[in-house]
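Q: Dropping the sequence and predicted coords here.
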Amino acid sequence: MRTSLLLLLIVGATVLYTIATPAAALDGEWRPIKNIAVPHVQKLSKWAVVEHMKVSNCGLKFNKVVSAEVKILDGKNYRLHIDVLRPDDKHVVHATEVFEHS
């Protein structure tokens with residue numbers, strides 16, 4: 001009975017993982033994130049700008065995410081293109097990569 005229950009849990013977890021993770025992104029290639037408005041992408045992008053500011057103190061302010069891609073290997077790599085506002089009020093798109101360990 002315990003073995004059957006354990007097997008059922010493993011199969012269920014595998015099915016959930018397969019549904020939740022796009023198969024195309026599992027091969028280590030960059031894949032576009034179609035919905036860049038999801039909170040996780042927005043949070044990572046804002047975090048990247050804040051961390052950059054801690055190092056450079058150049059006055060950039062987060063405006064919006066322009067595009068994003070993901071590559072899944074030993075975690076998730078995000079390639080983010082972020083529209084930021086410079087101190088001279090000009091918008092510039094910066095690219096950055098963020099690694100999220102699973």
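A: Now that the structure is in, tell me what you want to look at.

Q: Show me what Arg31 is bridged to.
A: Counting by DSSP bridges, Arg31 is bridged to Val70.

Q: need the strands for this structure, in chain order.
A: 31-32, 61-72, 75-85, 91-101 (DSSP state E).

Q: same for the first one, what does it pack against?
A: In terms of contacts (3 or more Cβ pairs under 8 Å, 6 or more residues apart in numbering; DSSP states H and E), strand 31-32 is packed against strand 61-72. No exception for glycine: its C-beta is placed from N, CA and C like everyone else's.

Q: spatially speaking, which residue is in the middle of this protein?
A: Geometric centre of the chain, nearest residue: Tyr78, 4.3 Å, by Cα atoms, centre = their mean.

Q: I'd assumed Ile72 was in contact with it.
A: No. At 10.2 Å, Tyr78 does not count as touching Ile72 under the criterion of Cβ atoms under 8 Å.

Q: now this protein, which segments are flagged as low pLDDT?
A: 1-26 (pLDDT under 70).

Q: Pull out the buried positions in stretch 76-96.
A: Neighbour-count burial for stretch 76-96 flags Lys76, Asn77, Tyr78, Arg79, Leu80, Ile82, Val84, Leu85 (criterion: 16 or more other Cβ atoms under 10 Å).

Q: Check stretch 37-45 too.
A: By neighbour count on 16+ other Cβ under 10 Å, the buried set for stretch 37-45 is Val41, Leu44, Ser45.

Q: Next step: those restricted to helices.
A: Val41, Leu44, Ser45 (DSSP state H).
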